[in-house]
Every structure is written in C-alpha cells, then in structure tokens.
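[1] coordinates only, sequence not included:
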C-alpha cells in the first residue's frame, strides 16, 4: 500500500520548524510529491496528520 498525501487544505495558522531528515527519506518524499502533483511540505504534513489520527 503506497502513501497518498491529503489534498491541500485552506490555510490555517502555522509555524516553521526545521527537521533533519535522512537523504534517502527526502528522495522518497520528493518522489511521492511528484507522483501526486503536490509539494514536499504537503506530503510531510499529510504523513504527520495521518499518524496522529491513527493514534
């Protein structure tokens, strides 16, 4: 089962954070973003939201 990012939502209050991510994960995330015609950021946020909802 491959990961499908959530659709971009309306803008909500947010802030910037810096993450140090292994290069191999960067490449995988960039591939998912390209396949889904979305941004790297949207993929990462979608992954975080999906994980937090399943908690």
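    Looks like it came in fine. On a predicted model such as this, the values are computed, not experimentally measured, just so you know. Numbering: from 1, shown residues only.

[2] make it CA atoms for all contacts and neighbour counts henceforth
    Noted.

[3] Check which helix or strand residue 25 maps to.
    helix 23-35 (DSSP states H and E).

[4] Distance from the chain centre to the next helix or strand after that helix, please.
    Toward the C-terminus, helix 23-35 is succeeded by helix 40-53 as the next helix or strand (DSSP H and E). Distance of helix 40-53 from the chain centroid (Cα atoms, centre = their mean, to the nearest Å) equals 4 Å.

[5] repeat for stretch 16-31
    9 Å.

[6] from here on, count from 15
    OK, 15 is where the count begins now, so the last one is stretch 30-45.

[7] now the chain, which segments are flagged as low pLDDT?
    Of all residues in the chain, those with pLDDT under 70 make up the ranges 15, 23.

[8] again, only this time at 50
    In the predicted model, the chain carries no residue with pLDDT under 50.

[9] For residue 58, give me its contacts.
    residue 43 (Cα atoms under 8 Å, 6 or more residues apart in numbering).

[10] got a list of what residue 56 touches?
    19, 20, 22, 47.

[11] one more time with 10 Å
    Contacts for residue 56 (Cα atoms under 10 Å, 6 or more residues apart in numbering) come out as 19, 20, 21, 22, 23, 43, 47, 62.

[12] cool, residue 65 as well?
    residue 59.

[13] mind running it again at 7 Å?
    Contacts for residue 65 were tallied using Cα atoms under 7 Å, 6 or more residues apart in numbering; there are none.

[14] picking that back up, hmm, which of the contacts of residue 56 are the buried ones?
    19, 20, 43, 47 (16 or more other Cα atoms under 10 Å).

[15] Distance to residue 69 added to those residues, as JSON lines?
    Converted to JSON lines, the buried ones among the contacts of residue 56 look like this (distance: Cα to Cα, whole Å):
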{"residue": "19", "distance to residue 69": "18"}
{"residue": "20", "distance to residue 69": "17"}
{"residue": "43", "distance to residue 69": "22"}
{"residue": "47", "distance to residue 69": "24"}
